[in-house]
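**Student:** kindly generate the corresponding structure for this input.
(one chain, ligands or ions: 1)
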Amino acid sequence: MRKQIAAANWKMNLTYQQGEKLLDEILKAKTPLDFHQHVIFAVPFPYLIMANSEVANESNYSVAAQNCHHKKSGAFTGEVAPEMLYSIGIKYCIIGHSERREYFNETNAQLAEKIDLLLGQGIQPIFCCGEPLSIREAGSQNSYVETQLAESLFHLQPEQAEKLIIAYEPIWAIGTGKTASAEQAQEMHAHIRAVLKEKFGNDIADSISILYGGSVKGANAREIFNGEDVDGGLVGGASLVKEEFIAIMEALK
Ligand code: 13P
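**Tutor:** Sure thing, here's the model as predicted:
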């Protein structure tokens, strides 16, 4: 079975102490997880080492960075390179979040560079895609997302693509309390998988976890994750609340 993943994206929230306490409490809850169920905490850069040591003895838990730079190293003040993440033992990195695309003008081409550097370090990219409301209202979400995938991922070899995790996050559902319906999520996830099949073949596409993100909560997670091509969630606001995030973990297939 494909890996089913509950990924917490803390974004720019929580102090170090609050983050450490939240991780402690979630781990102490000892939520039963099968071998194919995985939990990833995407925490702010200064908390990565702490978070990694919290999960060090846990086989179902990992830590992700929320971003990385698209160049290998050099004079890029304030940026963090994939090689630096590797050097502190980080295994996953979110890239292309809509907030980075919107507020930091990240382009599909830059994301392709990030993916190459991450894969070169053996770090699995969690690649975010998703359409704004205007595109959804115009009914052109499928081709919009397909372009995001094509411009950032289609240069990869199938054995590289196998390392990807995709997160479909419709921008109109992020932080708005308005989720895509379970049908809308499944429909887009099936489309993404079909695009991946066409490019990388059935076996690779069937092995890639595709997460849904956008106002996932304890109360709606099970219904959304029920979709055949929905392999868990990338969770913002609800990942900051212990009970909510545990309920989301419990909703994994
Ligand atoms: P919310 O869960 O707060 O809508 O955020 C979703 C998201 O952007 C996760 O990356």
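**Student:** just want the residue of the stretch 101-250 of the chain that's nearest the ligand.
**Tutor:** Minimum separation of the stretch 101-250 of the chain from the ligand (CB to the nearest ligand atom) falls at G236, amounting to 2.4 Å. Every C-beta, even on glycine, is put in place using the N, C-alpha and C of the backbone.
**Student:** which residues does the residue nearest to that residue when sequence neighbours are not counted bridge with?
**Tutor:** Spatial nearest neighbour of G236, excluding adjacent residues (CB to CB, 6 or more residues apart in numbering): N9 at 5.3 Å. Beta-bridge pairing of N9 under DSSP bridges involves A42.
**Student:** and what of L234?
**Tutor:** With DSSP bridges as the rule, L234 is bridged to A7, G213.
**Student:** which ones are touching it?
**Tutor:** Residues near L234 by CB atoms under 8 Å, 6 or more residues apart in numbering: A7, N9, I94, I126, C128, A167, E169, L211, Y212, G213, V216.
**Student:** as CSV, those residues with pLDDT would be great.
**Tutor:** Output for the contacts of L234, formatted as CSV (pLDDT from 0 to 100):
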residue, pLDDT
A7, 98
N9, 98
I94, 98
I126, 98
C128, 98
A167, 98
E169, 97
L211, 98
Y212, 97
G213, 97
V216, 96
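**Student:** for the nearest residue to S215 once chain neighbours are set aside, what are its contacts?
**Tutor:** Leaving aside its sequence neighbours, S215 sits nearest to T179 (CB to CB, 6+ apart; 4.4 Å). The contact partners of T179, by CB under 8 Å, 6+ apart, come to A173, A185, G214, S215, V216, N220, I224.
**Student:** which among those are in contact with the ligand?
**Tutor:** Contacts with the ligand are made by G214, S215, V216 out of those, judged by CB under 6 Å from any ligand atom.
**Student:** give me the local confidence score for the first one.
**Tutor:** Model confidence at G214, given as pLDDT, is 95.
**Student:** any idea how far it is from K163?
**Tutor:** Distance, G214 to K163, using CB to CB, to the nearest Å: 24 Å.
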